[in-house]
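Trainee: return a 3D structure for these sequence lines:
(one chain, ligands or ions: 3)
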Amino acid sequence: MTNLHRHAPLRVALVGLGTVGGGVIRLLETNGDLIARRAGCPIQIVAISARDRNKDRGVDLSPYEWVDDMTTLATRDDVDVVVELIGGADGPALTLARQCLTLGKPFVTANKAMLAHHGLDLARLAEQGGIALKYEAAVAGGIPVIKGMREGAAANEISRVYGILNGTCNYILTTMEKEGRGFDEVLKEAQELGYAEADPSFDIDGVDAAHKLTILASLAFGTELDFDAVATTGIRHVIAADIAEAAALGFRIRLVGMAQNSADGLFQRVHPMLVPLDHPLAHVDGSLNAVVAEGNFVGRLFFQGRGAGDGPTASAVVADLIDVARDEYGDAFAMPVAALTPQNTADAGKRIGRAYLRFKVQDRPGVLAEIAAATRDAGVSIESMIQRGANQADGVLVAIVTHAGEERCVRETLERLAGSDSLLDTPMVMHILD
Ligand SMILES: NC(=O)c1ccc[n+]([C@@H]2O[C@H](COP(=O)([O-])OP(=O)(O)OC[C@H]3O[C@@H](n4cnc5c(N)ncnc54)[C@H](O)[C@@H]3O)[C@@H](O)[C@H]2O)c1
Ligand SMILES: N[C@@H](CCO)C(=O)O
Ligand code: NA
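Mentor: Ligands and ions are numbered 1, 2, ... in the order given. You can find the predicted model right below:
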């Protein structure tokens, strides 16, 4: 029989056997023959490691050699590539990454936290060793957006890259919207479905999306990764009433990560936004993620797919392994580290856009006039306003959509209202996607 494979098997050490690690084992077992034809060689797991050897993971681990000390994998001659699926920006994942890349062992990871904080150093090590550092699973799970940005869109100057980058938050927001269920209950469900990070506050406070945006921004703009430059707000303070008011005004609420280039510098933010119903992001539901990139020759690119969960994430990890088997890899962040430029952070106050403001106020004469006066004095023009819950002892809700204007004016409106005894709660501001 003819041997259709060009190479000897690619021997993989898999570290971390949770949601994603289990998915990788299942995927390779299910699609192994097809993958071997595409990769030019079989991809074989030869060693596995995790914290607890005896835990039932729902997959048969008996065919694979268990390794207690993962640090030995970096020096093993019978391992061609190490896959890290532990998580955490520092700690054992980072130690393993540094060891592997320093010792010339190709490295595949889904760990966006580690890349957002240490990506440049790790890319430098990979570059020095002339080896692969691959991380498709780290951004938007199964969507091939790293490949899309690094390779497919590489000829373009990108003006803006944005999208829904966290499956847990999207699942929470869209389930609350469709089923009217409470935040805590839906978060628990997202955890059970394997979407959430080990510490789910990374998801709901927008940190995970900010990790991913940090990586995307570097690919889009050729800048050094700068996690600290991302202004981040999560979805903790989005309440059911906001979702209902947004719907009444013709919007849906999504946690959006956005990086935008301007003459002033780079603007990077993760925050809940109102998305108009006629925008494709308004229809990205559940654990789906989506990324939009605007290029000067290609126009608007729209990537959509499952951003979390075992199957989609394993799909991205194994795609990286296929690239390693084919010997197809390049600079981790699309150009040599020395060619990346430092970022200038743009002043968000000068950004022009519409905003949604929600106030919980006392139900008494003059309150609306007080809010209107604050917007007038700050130079904010009101497009529409809704008041609900008249005659309620615990106050009424006032929701405002502004005309497009500088963001600093919205900030000034809130400063003018600060301390007013008409307000019963901290006002909520969400910007509107254009
Ligand atoms: N779950 C997803 O949908 C998803 C999607 C994209 C990326 N990721 C990323 O993939 C990685 C893994 O995520 P997961 O959801 O599979 O996590 P998980 O918690 O389900 O699994 C983590 C695994 O790592 C092992 N581990 C943890 N600490 C360890 C240590 N100190 N030493 C040895 N092993 C250790 C655990 O035993 C477990 O097997 C993370 O970086 C995560 O951010 C997850
Ligand atoms: N916790 C992440 C996993 C995918 O990176 C999410 O919910 O999107
Ligand atoms: Na991806």
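Trainee: what helices or strands is the longest helix along the chain leaning on?
Mentor: The helix that spans the most residues within the chain, counting by DSSP state H, is helix 19-39. Helix 19-39 sits against strand 10-15, strand 43-49, helix 310-325, with contacts defined as 3 or more CB pairs under 8 Å, 6 or more residues apart in numbering; DSSP states H and E. All C-beta atoms are positioned from the backbone trio N, CA, C, and that covers glycine.
Trainee: any chance of a markdown table for the ones you listed, columns mean neighbour count, mean pLDDT and distance to ligand 1?
Mentor: What follows is those, written out as a markdown table (neighbours: other CB atoms under 10 Å; pLDDT from 0 to 100; distance: least, CB to the nearest ligand atom, whole Å):
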| stretch | mean neighbour count | mean pLDDT | distance to ligand 1 |
| --- | --- | --- | --- |
| strand 10-15 | 24 | 98 | 7 |
| strand 43-49 | 21 | 98 | 6 |
| helix 310-325 | 23 | 98 | 4 |
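Trainee: between the ones you listed, which one is nearest to residue 133?
Mentor: Across the helices and strands packed on helix 19-39, residue 133 has its closest neighbour in helix 310-325 (9.6 Å, CB to CB).
Trainee: does that closest one reach ligand 2?
Mentor: No: between helix 310-325 and ligand 2, judged by CB under 6 Å from any ligand atom, nothing touches; the nearest distance is 6.5 Å.
Trainee: then that helix to CSV, C-alphas only?
Mentor: Output of helix 310-325 as CSV, limited to C-alpha atoms (Å, rounded to 0.1, in the frame of the first residue of the first chain):
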residue,chain,number,x,y,z
ASP,A,310,-14.6,21.9,24.1
GLY,A,311,-15.3,21.2,20.5
PRO,A,312,-14.7,24.6,18.9
THR,A,313,-11.6,25.3,21.0
ALA,A,314,-10.1,21.9,20.3
SER,A,315,-10.7,22.5,16.5
ALA,A,316,-8.5,25.6,16.8
VAL,A,317,-5.8,23.8,18.8
VAL,A,318,-5.6,21.0,16.3
ALA,A,319,-5.5,23.4,13.4
ASP,A,320,-2.4,24.8,15.0
LEU,A,321,-0.9,21.3,15.3
ILE,A,322,-1.6,20.7,11.6
ASP,A,323,0.3,23.9,10.8
VAL,A,324,3.2,22.6,12.9
ALA,A,325,3.1,19.3,11.1
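Trainee: and the helix or strand that that helix is followed by, how far from the chain's centre?
Mentor: On the C-terminal side of helix 310-325, the closest following helix or strand by DSSP states H and E is strand 352-361. Put simply, strand 352-361 sits 25 Å off its chain's centre (CA atoms, centre = their mean, to the nearest Å).
Trainee: for strand 352-361, what is the average pLDDT?
Mentor: Averaging pLDDT along strand 352-361 gives 96.
Trainee: so what touches it?
Mentor: Strand 352-361 is contacted from outside by 241-242, 245-246, 249, 251, 274, 367, 371, 380, 383, 395-407, 410, 413-414, 417, 422-425, 427-432, 434, using CB atoms under 8 Å, 6 or more residues apart in numbering.
Trainee: next step: those residues restricted to helices.
Mentor: Among these, the ones falling in helices (DSSP H) are 241-242, 245-246, 367, 371, 407, 410, 413-414, 417.
Trainee: list the contacts of residue 113.
Mentor: Counting by CB under 8 Å, 6+ apart, residue 113 makes contact with 87-89, 202, 208, 211.
Trainee: helices - which of those land there?
Mentor: Filtering these for helices - DSSP H - leaves 202, 208, 211.
Trainee: can I get these in CSV including distance to ligand 2 and pLDDT?
Mentor: Below are the ones in helices among the contacts of residue 113 laid out as CSV (distance: CB to the nearest ligand atom, whole Å; pLDDT from 0 to 100):
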residue, distance to ligand 2, pLDDT
202, 7, 97
208, 5, 98
211, 9, 98
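Trainee: got CSV for these, with neighbour count too?
Mentor: As requested, these are exported to CSV (neighbours: other CB atoms under 10 Å):
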residue, neighbour count
202, 22
208, 30
211, 31
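Trainee: re earlier: need the max-distance pair from the ones in helices among the contacts of strand 352-361.
Mentor: Most distant of those, by CB to CB, are 367 and 407, 24.4 Å apart.
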